[in-house]
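Peer 1: only the shape, not the letters, is given here:
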């Protein structure tokens, strides 16, 4: 392919020859021969691309033992190189706003034509804002520098699969373990963010309204320390190993001060007290542009504290891809397990300690109906949660299915590797995680799949969520509004729970039918009518597709999730004897993968103009066009860490939602007998009944 690329480059000179120039007969023949050879090479490249992109995954059964050559440092292709280049000051960035063409996205017509806007929600029209408005500057700076913790987790998994866990370890140890991106002893905090957890008075968690600073303290993982900020707002001068066990902020930054591509380091809209009357930044009389996204969201937390680190640990220690072992010596494991047995918190792998560090928050954030709450009060969601129930009762089923996957990984390892432990921290963690999983199981079996019209049949879809009051009333978001229908609730929900779980709870064929409705409302189809993937939400009028239904938005990240879902459902329906369902789903997966993985066609203004969603540098676009996603962030047609990381996971056929990357975990769930035995240990250690059912 590299040689073909050189031929392509050289051929540009041949093709650009002015046709009016008269060539000798010999030169004309030579030119014709070169063109013929070039056409043959083009066809060869096309066939090689299709072979590489569409058949480079393993068997449909998805064995957890990856079929990959044992290399300590596998060759790095351009996609992995893109991910490696995303690291910046100890952490990856979520996006790359400099296009492969060298242009800045913000100076392109893709951004400037539509400009900055305050998003229209649920049918209301977007409201344009000035380019130096706080909303505009915040989008540009967070996109350029920031990291969404979910993106960081996908990056960890992808790089570990590619043999570069040493790079992902930098982020895990230096940022997540310390709960910090660095501190600055100077008078104005303009360097790192001293702590990246919601542990101040402004946050109150769950029904009990526990203030962030009053949550139980936890020991930081990996023997890490943190330097807390002083009450004055300046950086502290004392390192601690314990912090209140609050949630991480969904978005973090390597530095507090940020430089906007247009206005630089200062913006008049950021000045205190006018026009920005933010009492937390009274020092900012000059209008310094700074990180100001302080939203602790459940979904990002379970990815950052569980899924990313635990999957990376497993890949490194339990598959042929692991070039070296950091947890143990495999030969010391007579039972074949690749993660050592541990009985004390001090001996617990740091990746599990990281998950344990947010348990105080998790325990406060489970609703009476079993779902996890989306965020604590004080998060200041964007757009604002205008319901009478308040943001503190908001629930998201994307958060819930991610949490179920994350908690299952932790649950399986803890019960399998700590048999007989009486360590108080480990016993409590095992009890707490069991309670959380049992609550989510009840929630999914009663509230996940809902009827979009109030009748039975093909109109059933997975609910995006809504609000669960502290008294246990569920106020569901209406499906007819874009914010009430989320594609990832459909695809991730069925990928995490599987065909049997969904069909047993809601009726035969339900998982298949939910997918059909998802395609109808949010599918992306190419000009030939082939299924290319999915967008983000319902852009139809109501719950039925009609001539007003828009299928123009195409998400690479969410399409990869749909591919995994279709493959899992295909395999499981085939096992259940539903051959037609299996065939249809397999066809959808193949169609989406084929179209998505094509190189994009770039237009005259560098915009996406067709083809797939892979850029010239091996990265994948976040979306094919600029679009505000109703749950609080912008999709832009630029390279995205999460989309690109999902492409690597797809190459390795690695399902991030199940420990080990298959459809079933290599470690089984605890048995009823194990739960009873643990209940007895809990009673012995704490002198009270455990919080879970047994």
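Peer 2: Now that the structure is in, tell me what you want to look at. All of these numbers come straight from a predicted model, not from anything done at the bench. Residues are numbered from 1 along each chain as shown.
Peer 1: shaky segments in the protein?
Peer 2: Applying pLDDT under 70 to the chain picks out residues 1-24, 27-28, 31, 45-75, 121-123, 183-190, 231-235, 321-337, 452-458, 541-548.
Peer 1: quick check, central residue of it?
Peer 2: residue 150 (3.8 Å; Cα atoms, centre = their mean).
Peer 1: so who does that one touch?
Peer 2: 250, 299-300, 303-304, 642 (Cβ atoms under 8 Å, 6 or more residues apart in numbering). Bear in mind the C-beta positions are built from the backbone N, C-alpha and C, glycine included.
Peer 1: give the PyMOL command for selecting the buried subset of those.
Peer 2: The PyMOL selection below is limited to those of these classed as buried (16 or more other Cβ atoms under 10 Å):
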select buried, resi 250+299+300+303+304+642
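Peer 1: could you save the contacts of residue 150 as CSV and add columns showing distance to residue 494 and secondary structure?
Peer 2: Shown next, in CSV, are those (distance: Cβ to Cβ, whole Å; DSSP: H, G, I helix; E, B strand; the rest coil):
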residue, distance to residue 494, secondary structure
250, 24, coil
299, 17, helix
300, 21, helix
303, 18, helix
304, 23, helix
642, 20, helix
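Peer 1: can you put the contacts of residue 150 in a markdown table and add distance to residue 448?
Peer 2: Shown next, in a markdown table, are the contacts of residue 150 (distance: Cβ to Cβ, whole Å):
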| residue | distance to residue 448 |
| --- | --- |
| 250 | 23 |
| 299 | 16 |
| 300 | 21 |
| 303 | 19 |
| 304 | 24 |
| 642 | 24 |
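Peer 1: out of the contacts of residue 150, which is nearest to residue 85?
Peer 2: residue 642 (15.5 Å; Cβ to Cβ).
Peer 1: contacts only, for that closest one.
Peer 2: 94, 148, 150-151, 154-155, 557, 622.
Peer 1: let's verify residue 573: helix, strand, or coil?
Peer 2: Classification of residue 573 by DSSP: H, G, I helix; E, B strand; the rest coil places it in helix.
Peer 1: just to check, it is in contact with residue 498?
Peer 2: No - applying Cβ atoms under 8 Å as the test, residue 573 and residue 498 come out as separate, 10.5 Å apart.
Peer 1: now do the shared contacts for these two.
Peer 2: residue 511.
Peer 1: quick one: which of these two has more around it?
Peer 2: Neighbours of residue 573 and residue 498, each counted by other Cβ atoms under 10 Å, are more numerous for residue 573; the result is 24 against 20.
Peer 1: how far off centre is the helix or strand encompassing residue 432?
Peer 2: Taking DSSP states H and E as the criterion, residue 432 maps to helix 424-447. On the basis of Cα atoms, centre = their mean, to the nearest Å, helix 424-447 sits 22 Å off its chain's mean C-alpha point.
Peer 1: show me what it is packed up against.
Peer 2: helix 359-364, helix 397-417, helix 487-506, helix 672-686 (3 or more Cβ pairs under 8 Å, 6 or more residues apart in numbering; DSSP states H and E).
Peer 1: contacting residues for residue 255?
Peer 2: 89, 145, 181-182, 190-193, 291 are the contacts of residue 255 under Cβ under 8 Å, 6+ apart.
Peer 1: which of those ranks first by neighbour count?
Peer 2: Going by other Cβ under 10 Å, residue 192 tops those with 25 neighbours.
Peer 1: mind checking the SS state of it?
Peer 2: Secondary structure, three-state DSSP: residue 192 is coil.
Peer 1: hang on, it packs against residue 256?
Peer 2: Yes - here residue 192 reaches residue 256: they are 6.6 Å apart, a contact under Cβ under 8 Å.
Peer 1: next, the angle from the helix holding residue 432 to helix 397-417.
Peer 2: 140 degrees (axes from the mean of the first three to the mean of the last three Cα atoms, to 10 degrees).
Peer 1: next, the angle helix 487-506 makes with helix 424-447.
Peer 2: 80 degrees.
Peer 1: quick check: next helix or strand after helix 424-447?
Peer 2: Using DSSP H and E, the next helix or strand after helix 424-447 towards the C-terminus is strand 449-451.
Peer 1: neighbouring contacts of that next one?
Peer 2: Strand 449-451 has contacts (Cβ under 8 Å, 6+ apart) with 457, 459-463, 476, 479, 502, 505-506, 510, 514.
Peer 1: try it again at 10 Å.
Peer 2: With contacts defined as Cβ atoms under 10 Å, 6 or more residues apart in numbering, strand 449-451 is touched by 397, 457, 459-464, 466, 476-477, 479, 484, 490, 493-494, 502, 505-507, 510-511, 513-514, 543.
Peer 1: near the residue nearest to residue 229 when sequence neighbours are not counted, how many other residues are there?
Peer 2: Spatially, and ignoring its direct neighbours in sequence, residue 229 is nearest to residue 194 (4.8 Å; Cβ to Cβ, 6 or more residues apart in numbering). Look at residue 194: counted by other Cβ under 10 Å, it has 22 neighbours.
Peer 1: wait, doesn't residue 194 sit right on residue 256?
Peer 2: Yes - taking contacts as Cβ atoms under 10 Å, residue 194 lies within contact range of residue 256: 8.7 Å.
Peer 1: of all the helices and strands packed on helix 424-447, which one is nearest residue 340?
Peer 2: Closest approach to residue 340 among these (Cβ to Cβ): helix 397-417, 7.1 Å.
Peer 1: distance between the closest one and the chain's centre?
Peer 2: Centroid displacement of helix 397-417 relative to its chain, using Cα atoms, centre = their mean, is 15 Å.
Peer 1: list the buried residues in that helix.
Peer 2: 397-417.
Peer 1: then stretch 264-277?
Peer 2: 267, 269-272, 276.
Peer 1: columns distance to residue 218 on top of the residues you listed, output as a markdown table?
Peer 2: Below are the buried residues of stretch 264-277 laid out as a markdown table (distance: Cβ to Cβ, whole Å):
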| residue | distance to residue 218 |
| --- | --- |
| 267 | 37 |
| 269 | 38 |
| 270 | 34 |
| 271 | 38 |
| 272 | 34 |
| 276 | 34 |
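Peer 1: just give me the closest of these to residue 352.
Peer 2: Of these, the one sitting nearest to residue 352 (Cβ to Cβ) turns out to be residue 270, at 40.6 Å.
Peer 1: without its sequence neighbours, what residue ends up closest to residue 531?
Peer 2: Nearest to residue 531 is residue 591, by Cβ to Cβ, 6+ apart, at 4.6 Å.
Peer 1: that's a helix at the one you found, yeah?
Peer 2: Yes - assessed with three-state DSSP, residue 591 lies in a helix.
Peer 1: quick one: residue 201 from residue 243, how far?
Peer 2: For residue 201, the distance to residue 243 equals 15 Å [Cβ to Cβ, to the nearest Å].
Peer 1: look at those two and report which has more neighbours.
Peer 2: Neighbours were tallied for residue 201 and for residue 243 using other Cβ under 10 Å; the higher tally belongs to residue 243 (22 against 10).
Peer 1: wait, doesn't residue 429 sit right on residue 358?
Peer 2: No - contact criterion Cβ under 10 Å: residue 429 and residue 358 do not qualify, at 11.1 Å.
Peer 1: the residue nearest to the centre of the chain: which element?
Peer 2: helix 149-161.
Peer 1: what about that helix, distance to the chain center?
Peer 2: 9 Å.
Peer 1: repeat for stretch 652-661
Peer 2: For stretch 652-661, the distance to the chain centre is 14 Å (Cα atoms, centre = their mean).
Peer 1: begin at 675, not 1, for the rest of this chat.
Peer 2: Sounds good: first residue 675 from here, last item stretch 1326-1335.
Peer 1: how far does it stretch from one end to the other?
Peer 2: With Cα to Cα, to the nearest Å applied, stretch 1326-1335 spans 9 Å between its terminal residues.
Peer 1: quick one: buried residues of that stretch?
Peer 2: 1326-1335.
Peer 1: need those in a markdown table (columns: secondary structure).
Peer 2: Below are those laid out as a markdown table (three-state DSSP):
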| residue | secondary structure |
| --- | --- |
| 1326 | coil |
| 1327 | coil |
| 1328 | coil |
| 1329 | coil |
| 1330 | coil |
| 1331 | coil |
| 1332 | coil |
| 1333 | coil |
| 1334 | coil |
| 1335 | coil |
